[in-house]
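>>> sequence and predicted structure, then a few things I'm wondering about:
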Amino acid sequence: MIVLKLRRIGKSVGMILPHEVLEALEVTAGDTVCLNASRRGYQLTSQMATARKIARRRATALRKLAQ
């Protein structure tokens, strides 16, 4: 488990992600991430990881749309 401290950034609140978390998510500064709610809590994923997951789940429909 990695514990992160929330910091005030202007009128917002943010957190600094350690290098190992950025590598695991395969993201860099400026990329978009998704915070997904689930039964087990929240999960932070890269936007590309979310897109790949949707593409795998809807592969047949996407192939038909591509024709």
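Happy to help now that I have it.

>>> give the other helices and strands that the lowest-mean-pLDDT helix or strand in the chain contacts.
Using mean pLDDT, DSSP states H and E, helix 47-57 stands out as the lowest-scoring helix or strand of the chain, at a mean of 79. With contacts taken as 3 or more Cβ pairs under 8 Å, 6 or more residues apart in numbering; DSSP states H and E, helix 47-57 sits against strand 33-38. Every C-beta, even on glycine, is put in place using the N, C-alpha and C of the backbone.

>>> one more pass at 10 Å, please.
If you count contacts as 3 or more Cβ pairs under 10 Å, 6 or more residues apart in numbering; DSSP states H and E, helix 47-57 packs onto helix 19-25, strand 33-38, strand 41-46, helix 59-66.

>>> got JSON lines for those, with mean pLDDT and mean neighbour count too?
Shown next, in JSON lines, are the helices and strands packed on helix 47-57 (pLDDT from 0 to 100; neighbours: other Cβ atoms under 10 Å):
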{"stretch": "helix 19-25", "mean pLDDT": "90", "mean neighbour count": "12"}
{"stretch": "strand 33-38", "mean pLDDT": "88", "mean neighbour count": "11"}
{"stretch": "strand 41-46", "mean pLDDT": "87", "mean neighbour count": "12"}
{"stretch": "helix 59-66", "mean pLDDT": "87", "mean neighbour count": "9"}
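
>>> noted, bye for now.
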